[in-house]
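*Asks:* dropping the sequence and predicted coords here.
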Amino acid sequence: MQNLTRLLKNFWIKSQFPDKRPSSFSRIDKLIIFLICVVISILSSYQLLTNFPNDFGSVFEWNISFLEMLLLCGLLILISKKENPMINSRQTLLILGLLLLAQWTKVNFQNISPLAIIIPPSLIISQGMGTITALSWVSIACINWPPSETGINNYLLLVTFICACVVSFLGGRIRNRAQSLQIAFLVPLGAFFSQLIFIGSNSQNTNLLDPSVLFLSKGDIFSDSTLLVVLLLLIILLMPIFESTFGLLTKSRLLELADQEQPLLRRLSIEAPGTFEHTLLICGLAEEATRTIGGDVDLIKTGALYHDIGKLHAPNWFIENQNGKFNPHEQLNNPFKSAEILQEHVDQGLKFAKKNRLPQAIANFIPEHQGTLKMGYFLHKAKEKNNDISENDFRYKGPIPQSKETAILMLADGCEAALRAMNINASDKEAITIISNIISSRERDGQLIDSQLSKSEIFLIKRSFLNVWKRIRHRRIQYPSSKNNTFN
């Protein structure tokens, strides 16, 4: 009976407060994506372009090759969607566009080294979309390689696949531009020596430094590696453009946004110092909890810094910036207007995010950390005047958290004030009770139903909040003092 009641309540919440995010894929987006997948499949079946099938066996073989590639394109989209649940159409088009470019280059420029075709796109995808998506892309791009007129050494294809996998693995872990530069030089260097060993050992000439080995007529390994260095450096140079155009969120970009000298964060620290201090405390709670469950720590750290940026619109209307003095809500004496002001900090936050071109993944923290929570204080004030007041008028517009990270921020936001207000002598049991009550209230209110947080992860989040509270409540040593103390 209790589960049925919760199910009906969750259904009611979703019907009253639908997800405000626009759909990631419109009908036109889906049509364009499907057409690109068809073109990729045709290019991958390169026999169609060189020798159109004129017998039943050839037609059947081509159809199998075409359908195989079409299914692989669909699988690539599903994998990218699984790794990045909030992927949008632009990012999907980027992945497929790079695959289309690779297939077109393989067919029309058969003498270009596979290193130059496969590795640079894998760096873009791994940084912006993740390691698993990049590895899937590399695996599909290496299928059905057409025969070259001059012949491509089989070892070169093996070296290309291994180097692309290394770039895919390391690219998803790059935290600054310097690490990107290291990849741009070390990977081509590794490819150069690998080709030198494989091709040299396959050659009759045992002198690996001989020009006939370094500059082979059927595969100039020195030029291949040099071209790869140039392309990777070009990708690093253009990466900010890819980030802005396709909404990619690399770790380097996240760390740049988390710099507290960013103009928006600097304004927050000066104009709303109480909000800024509140933000820093929430960052500590949210980071620890996210690290505990294996989430994206860089994402939640940056998202937490910007989640209350809308309070810059009217900082004095929020209690943390009032220093216990004048409260304009008391003079206003209108719970409905006060509720509108609270909602306004979310709406204004989204405007600040758009104006300052914050990535969508960061902007999502602004409305989702409040979800559709009740503004309890002002709802209570309104019911004192009229008990028939609708609860909907005192709820945030949402949407409710759509990811684990935004859900954790909501929980940290709810627990921060309660934990900070506790007595320094309070026990761990009292603290965990308060944390559990707050989190349970969010669950009962249906705020976590779309976050994909499991019960075991919620348990770990509670323990991590407790650990952070234990760290920040430590006592200071009382130093002895004397009126006659002098300092030399």
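*Replies:* On my side now, so go ahead.
*Asks:* doesn't residue 194 lie inside a strand?
*Replies:* No: assigned with DSSP: H, G, I helix; E, B strand; the rest coil, residue 194 falls outside any strand and is helix.
*Asks:* so what's it closest to, chain neighbours aside?
*Replies:* In this structure, residue 194 finds its nearest non-sequential neighbour in residue 159, 4.7 Å apart by CB to CB, 6 or more residues apart in numbering. Using the backbone N, CA and C atoms, a C-beta is placed for each residue, glycine as well.
*Asks:* for residue 410, same thing?
*Replies:* In space, residue 410 is closest to residue 369, 4.9 Å off (CB to CB, 6+ apart).
*Asks:* returning to that earlier point: how much space between the residue nearest to residue 194 and residue 113?
*Replies:* Taking CB to CB, to the nearest Å as the measure, residue 159 and residue 113 are separated by 10 Å.
*Asks:* could you check which of the two has the larger neighbour count?
*Replies:* residue 159 (25 against 22; other CB atoms under 10 Å).
*Asks:* still on that earlier bit, what helices or strands is the helix or strand hosting the residue nearest to residue 194 leaning on?
*Replies:* In this assignment (DSSP states H and E), residue 159 forms part of helix 154-171. Judged by 3 or more CB pairs under 8 Å, 6 or more residues apart in numbering; DSSP states H and E, helix 154-171 is in contact with helix 114-129, helix 131-141, helix 177-202.
*Asks:* in that helix, what counts as buried?
*Replies:* 155-156, 159-161, 163-168, 170-171 (16 or more other CB atoms under 10 Å).
*Asks:* now do stretch 187-202
*Replies:* Across stretch 187-202, burial judged by 16+ other CB under 10 Å covers 187, 188, 191, 192, 194, 195, 196, 198, 199, 200.
*Asks:* now distance to residue 69 and pLDDT too, for the buried residues of helix 154-171, in CSV please.
*Replies:* CSV is the format used below for those (distance: CB to CB, whole Å; pLDDT from 0 to 100):
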residue, distance to residue 69, pLDDT
155, 25, 77
156, 22, 82
159, 24, 89
160, 19, 90
161, 18, 92
163, 23, 93
164, 18, 94
165, 20, 94
166, 25, 94
167, 23, 94
168, 20, 94
170, 28, 92
171, 24, 89
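*Asks:* and those residues, which two are furthest apart?
*Replies:* Put simply, by CB to CB the two of the buried residues of helix 154-171 set farthest apart are 155 and 171, 23.7 Å from each other.
*Asks:* that older thread, gap between the residue nearest to residue 194 and residue 432?
*Replies:* The value you get for residue 159 to residue 432, if CB to CB is used, is 54 Å.
*Asks:* what's the answer for residue 115, then?
*Replies:* In terms of CB to CB, residue 115 sits 55 Å off from residue 432.
*Asks:* of these two, who's got more company?
*Replies:* Neighbour count, other CB under 10 Å: between residue 115 and residue 432, residue 115 has more, with 25 against 15.
*Asks:* so who does the more buried one touch?
*Replies:* 156, 159, 160, 163, 188, 191, 224, 225, 227, 228 (CB atoms under 8 Å, 6 or more residues apart in numbering).
*Asks:* quick one: the last one and residue 188 touch, right?
*Replies:* It stands for residue 228. Yes: counting by CB atoms under 8 Å, residue 188 is a contact partner of residue 228 at 4.3 Å.
*Asks:* hmm, who's touching stretch 321-334?
*Replies:* Residues contacting stretch 321-334 (CB under 8 Å, 6+ apart): 272, 273, 274, 275, 311, 315, 316, 317, 319, 338, 341.
*Asks:* distance of the residue lying closest to residue 183 once chain neighbours are set aside relative to residue 164?
*Replies:* Distances taken as CB to CB, 6+ apart put residue 170 closest to residue 183, at 5.8 Å, once the chain neighbours are dropped. Using CB to CB, residue 170 is found at 11 Å from residue 164.
*Asks:* try residue 126
*Replies:* 9 Å.
*Asks:* tally of neighbours for residue 264?
*Replies:* Neighbours of residue 264 (other CB under 10 Å): 16.
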